[in-house]
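*Asks:* the following comprises the amino acid sequence and a computationally predicted model.
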Amino acid sequence: MRIKSFIAASGVLAILAAFLATPALAQPKPAAGAPVAPVCANCHLEQWNAIDLTAHGAKTDADGSMCQACHGDATAHLKDPSVKPDSPFRAGVPAEKQAAVCLTCHSGNRNLAFWTSGKHAINEVACTNCHSIHGKKLTPTINKFTTTFLPNQADLCGTCHQQIRAATFKPSHHPIQEGKVKCTDCHNPHGALSPSMVKQPTINDQCYSCHADKRGPYVFNHPPVEENCATCHNPHGSVHYKLLNEHLPNLCEDCHDGSRHPGTIYGAGVGFTCPPGSGNDKVNYPACFGKEGQLNSGVSTRLVDRACLNCHNAIHGSNAPANRGQYFIR
């Protein structure tokens, strides 16, 4: 009985060993549809892992055709790694040729309809100047003013547009550095026919997309407001309140010079009262004289001209009747 049991046990072990030694179990085949790393991943594994699960990767790309679609023919490179592929993204290649590679797939994107006429393309800015297909490791810095954990878009745009970036740090500014407003909320960096590549046909239409209360229509319109909001405001930032280009009343006096209220500039010659001896000096003390040239009673009209909006508060337009609306007063 012992001999029979030993023989039976030996037979079972032999069958099990033969089963485990089959190639199917010793080296299992990948499941159908499983990702197959291309030959490029043998050396460029980090770059492959960056696009494996993105639209730039491919589920089955053993010969690296997806890589060669952008980086050029790698036949000679596979035989001799020292021979670099004729990549359009190598140093010295014009930005136009680099962008042409991306446009072979992305030309149908409506945001790229005016790429060739946009200021970035005209100034030889390539897609890779802003985008990294293989994904650069971004470690956004969070400070007490930032309200988002995403990389701040203004940091990328600010690498070239440094004067604009500086304006966003001024006391009166849109919340760009805080992450509440992005550059692409107003601009299309991929090209547009509008001024400064804003998304809307005009600058005013772009401003109205957020500031709809300033759109009108009004019975009495303020012409500079209708023409261009940037006549009075700097949308990126200003040292004056409400993003104004100048402080009041200087901003208003750029157009309303000598209209009803004297539009003379402020200086050391006269303050809010007329100094002694100014009775006959209309050249140096014009603010001390009325509209018809008569001397004011010792009080400069600048006393009431310091803040135009104290009276003309409906400066963007008014629907009030008669003179109240015509002069945008309360």
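*Replies:* Received it, and whenever you're ready, just let me know what you need.
*Asks:* list the buried residues in stretch 80-89.
*Replies:* Residues 85, 87-89 are the ones in stretch 80-89 that count as buried (16 or more other CB atoms under 10 Å). For glycine as for every other residue, the C-beta is placed from the backbone atoms N, C-alpha and C.
*Asks:* that one: end-to-end distance?
*Replies:* 20 Å (CA to CA, to the nearest Å).
*Asks:* next: stretch 166-180.
*Replies:* Terminal-residue distance, stretch 166-180 (CA to CA): 17 Å.
*Asks:* and of the buried residues of stretch 80-89, the nearest to A126?
*Replies:* Relative to A126, the closest of these is F89; by CB to CB it sits at 8.4 Å.
*Asks:* and N204, what element?
*Replies:* helix 203-208 (DSSP states H and E).
*Asks:* got a list of contacts for the next helix or strand after that helix?
*Replies:* Using DSSP H and E, the helix or strand that directly follows helix 203-208 along the chain is strand 220-221. Here strand 220-221 makes contact (CB atoms under 8 Å, 6 or more residues apart in numbering) with 317-320, 325-326, 328.
*Asks:* what mean pLDDT would you report for strand 220-221?
*Replies:* The average of the pLDDT scores along strand 220-221 is 92.
*Asks:* got a pLDDT number for the closest residue to I133 other than its chain neighbours?
*Replies:* Leaving out its chain neighbours, the residue that sits closest to I133 by CB to CB, 6 or more residues apart in numbering is H56, at 5.7 Å. pLDDT, H56: 85.
*Asks:* is it fair to say H56 lies in a helix?
*Replies:* No - secondary structure of H56 (DSSP: H, G, I helix; E, B strand; the rest coil): coil, not part of a helix.
*Asks:* you'd agree it is up against M66?
*Replies:* Yes - between H56 and M66 a contact is recorded at 7.2 Å, counting by CB atoms under 8 Å.
*Asks:* how about the strands in the stretch 201-330 of the chain?
*Replies:* For the stretch 201-330 of the chain, the strands defined by DSSP state E, counting those that start in this stretch cover 220-221, 317-318.
*Asks:* what strand or helix carries A100?
*Replies:* Per DSSP H and E: helix 95-106 holds A100.
*Asks:* for that helix, packing partners?
*Replies:* In terms of contacts (3 or more CB pairs under 8 Å, 6 or more residues apart in numbering; DSSP states H and E), helix 95-106 is packed against helix 119-122.
*Asks:* helices along the stretch 51-200 of the chain, start to end?
*Replies:* 65-71, 75-79, 95-106, 119-122, 153-157, 162-167 (DSSP state H, counting those that start in this stretch).
*Asks:* closest to L244 out of those?
*Replies:* Closest to L244 of those is helix 162-167 (CB to CB; 12.9 Å).
*Asks:* still on that earlier bit, buried ones in the helix holding A100?
*Replies:* Buried residues in helix 95-106, defined by neighbour count with 16+ other CB under 10 Å: 95, 98-99, 101-103.
*Asks:* show me which of those residues is closest to C308.
*Replies:* Nearest member of the buried residues of helix 95-106 to C308, counting by CB to CB, is A95, at 47.8 Å.
*Asks:* contact partners for the closest one?
*Replies:* 121, 124-126, 129.
*Asks:* please redo it, this time with the cut-off set to 6 Å
*Replies:* Contacts for A95 (CB atoms under 6 Å, 6 or more residues apart in numbering) come out as 124, 126.
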